[in-house]
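Peer 1: any chance you could fold what I've pasted below:
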Amino acid sequence: MSRGIDVWLQWQYAIDEARTSVLGVADGLGERKTLDEFAAYLGVKRSTLSTWLTRKRMPEGEAVRQLALVLGLEVLRLVGLEKTG
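Peer 2: Okay, the predicted model is just below:
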């Protein structure tokens, strides 16, 4: 079922945390971003993000579009919507 979207989302979360702490964007410099905050940044519910991270579901439809807008088009390949090769 999973094409690596869970690992990719974890990587994006880590990148976002690093950017937040380096730039001091959070309430305090170096403050860890929560999954709730990351889900809000993605424009999805935390429960939805959790199902993707635990491989219970894959993003579909509008969720894929939203992820692509926020994190880039690589998500299309990970959910099997972009042809490779």
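Peer 1: if you count contacts, what does the helix or strand Leu76 falls within end up packed against?
Peer 2: Element membership for Leu76, per DSSP states H and E: helix 74-78. Contacts defined by 3 or more Cβ pairs under 8 Å, 6 or more residues apart in numbering; DSSP states H and E place helix 74-78 against helix 5-23, helix 62-71. Quick note: C-beta positions are derived from backbone N, CA and C, even for glycine.
Peer 1: as JSON lines, those with mean pLDDT and mean neighbour count would be great.
Peer 2: What follows is the helices and strands packed on helix 74-78, written out as JSON lines (pLDDT from 0 to 100; neighbours: other Cβ atoms under 10 Å):
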{"stretch": "helix 5-23", "mean pLDDT": "75", "mean neighbour count": "15"}
{"stretch": "helix 62-71", "mean pLDDT": "88", "mean neighbour count": "16"}
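Peer 1: residues of the helix holding Leu76 that come out buried?
Peer 2: For helix 74-78, a neighbour-count test (16 or more other Cβ atoms under 10 Å) marks Val75, Leu78 as buried.
Peer 1: from Arg46, how far off is Glu74?
Peer 2: Remark: distance between Glu74 and Arg46 (Cβ to Cβ, to the nearest Å) = 22 Å.
Peer 1: and Lys56, by the same measure?
Peer 2: Using Cβ to Cβ, one gets 14 Å for the distance from Lys56 to Arg46.
Peer 1: then Val79?
Peer 2: Counting by Cβ to Cβ, the gap from Val79 to Arg46 is 20 Å.
Peer 1: who's more crowded, these two?
Peer 2: Val79 (20 against 15; other Cβ atoms under 10 Å).
Peer 1: how about that one, what does it touch?
Peer 2: Arg3, Ile5, Met58, Pro59, Glu60, Val64 (Cβ atoms under 8 Å, 6 or more residues apart in numbering).
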